[in-house]
Every structure is written in C-alpha cells, then in structure tokens.
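J.: with the sequence up front, the predicted model follows.
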Amino acid sequence: KPDTIYILAGINDLRQGRPDASIADNIYYTVRELQLIHPPAKVVVQSILPTRLAALPNTRIRKINLELAAIAKSEGAIYFDLNSSFTNDEDMLRRELTTDGIHLSQEGYQLWQKALHQMASRLDLNRGTRYQQWLQRSPNFTLDGKTYTWVSYQVQSGDSLPQLSQKAFGFDTFEYWDLIALKNNLSFEEKLGRRTILIPQNLGT
C-alpha cells in the first residue's frame, strides 16, 4: 500500500535500439497500470538521465522527457526533471556522476538521493504546483508561527541552500531549505554559483 511510487525507466530500452515512441508508450502504460492497482498513491515519473555515450545524445533523451512530462500531466502523475541537474555545459552526463558514461558513481547516487529526499519532502508537506506558484508570487509567508519576507542576497563563495536555511530559519533540513529552492525556482542541486537570489528574513512577528 505505497503512498508514492517513483518510476525511472527507458535508458536500457534506448541502448537496445527501441524507438522513442515505444519507450514513451511503455511508461504511459506503466503509469496507467500503477494507478489502477494503487489508486491512492502518487505516481512520480522521473526524467531519463543523460549519458556520456555518443550513441545516446541528450538531445534525443530530452525529446523523450518532454513526452514523459506530457504523459504525467495528462494522467495526473507528477513529472520530476532530474536530467537538467545531471547535465554539464556540453549537454552530457557530468563526468563525476558516472563510472562508465551511463551508470552512476557514488557521487551520482548521492545526488539522486538528495533529489528523491527533496521530492518526498514536497509531497509530504503538500508543496505541489499550486503551492509553488503561490510561494513564488508571494512577498511574505508564515512558518512556525513567524512571518518572513523575501530579500535579495548575493550568493557568496561556499554558500549552500542548507547554510542559508540555517541562517534564516535556524534549521538546515530539506523541508526548510527547499522553501528557498522553490522561491528561486532552483533544482535540488545545491551549488549556487555566483548569482543573486531571494532569501527569507524574519519580520519579527
């Protein structure tokens, strides 16, 4: 009796030469079957990850992922984009995240684990699409009985979402720093680079 079911499939089909439409159809029927068997469960369709293999370019994988996003939307499932956070500037799987160009390294699995943990936190706290849209528009929000406003912040070298969350809320766990990620439309990747983002400031109420 699962509450949430995560699907990640398609890369082996690609390696075996299956056509793109067939891969999308398989995931469509998988989603439908899971919803019939487990009607109360949330079904999360994860995007196909990139590779470093010339035979499987990410341009092709991203096109299939667009189909998967459309399937999730039409079937009331949740689409979870992992691909963009695993991809480097050359539109390939980041070298440090793989052992052989397709299978994940320990660092790759750790990044995937963070992604799943963040998604689970959003689902547990009902931080769905409507909530995310509200948070991105809202100048203020209330958490743990305190009211916060959003202020501009220039990211410094070494900053991370958990560190900024610790400063703002006093906690660095997913459910807190994910608010900053949602407000700024950031992925689960914690490396912020040099940018200006919005962070919470306690209004003292």
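T.: Yep, it's here.
J.: hey, let's count contacts and neighbours off CA atoms from now on
T.: Noted.
J.: grab the longest strand from this structure for me.
T.: Ranked by number of residues, the top strand in the chain under DSSP state E is strand 146-154.
J.: which other helices and strands contact it?
T.: If contacts are counted by 3 or more Cα pairs under 8 Å, 6 or more residues apart in numbering; DSSP states H and E, strand 146-154 sits against strand 140-143, strand 196-202.
J.: rerun that using 10 Å as the cut-off
T.: Here strand 146-154 touches strand 140-143, helix 161-169, strand 196-202, going by 3 or more Cα pairs under 10 Å, 6 or more residues apart in numbering; DSSP states H and E.
J.: so what are the sheet partners of the last one and their directions?
T.: It refers to strand 196-202. strand 146-154 (antiparallel) (DSSP bridges).
J.: so how far is the partner strand from its chain's centroid?
T.: Distance of strand 146-154 from the chain centroid (Cα atoms, centre = their mean, to the nearest Å) equals 23 Å.
J.: now stretch 139-154
T.: 23 Å.
J.: mind listing what's buried in that stretch?
T.: Judged by neighbour count using 16 or more other Cα atoms under 10 Å, the buried positions of stretch 139-154 are 140, 148, 150.
J.: and stretch 68-87, how far apart are its ends?
T.: This stretch, stretch 68-87, spans 18 Å end to end (Cα to Cα, to the nearest Å).
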